[in-house]
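Visitor: Got a sequence here, can you model it:
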Amino acid sequence: PSPPPPPPSPPPPSPSPPPPGRRDEPTVEILNALKVVSNREFDFGISVSHPTCENSKSCFESEDDIKSNQNKGLRCDVRVQAKEQTSCSKYGEYLPCMQWNSFYDSKK
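Guide: Numbers count the residues shown, from 1 in each chain. Below is the predicted model:
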């Protein structure tokens, strides 16, 4: 007779639960909200704050803040489109359909 089959493998672990803490809405501030910008680069002075962020006054102030918050499951996904652009099927690095996540450019 042949040996019995091995027992079935255990199921994979469940995904991590959302980060603990409060379900408060984040606060977004735009300090330099200009209607027209002619420079190729401009600091809009955007900040996002939330009580569960490492630095609760600015969740994306530094690369360390971003990494710490991402490890907790926090992230900020932003899509920007030009005013005259009615819809975007894809977002990239530049307008008219730009994706700008976490408001931090580590190249600067």
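
Visitor: Below-threshold pLDDT in the chain: ranges please.
Guide: Along the chain, segments meeting pLDDT under 70 span 1, 13-22, 102-108.

Visitor: most centrally placed residue in it?
Guide: In the chain, the centroid-proximal residue (CA atoms, centre = their mean) is Cys76; its distance is 2.2 Å.

Visitor: part of a helix, is that residue?
Guide: No - according to DSSP: H, G, I helix; E, B strand; the rest coil, Cys76 belongs to no helix; its state is coil.

Visitor: My guess is it contacts Cys59. True?
Guide: Yes - shown here, Cys76 and Cys59 form a contact pair, counting by CB atoms under 8 Å, at 6.9 Å. Every C-beta, even on glycine, is put in place using the N, C-alpha and C of the backbone.

Visitor: Now the common contact residues for these two.
Guide: 26, 48 (CB atoms under 8 Å, 6 or more residues apart in numbering).
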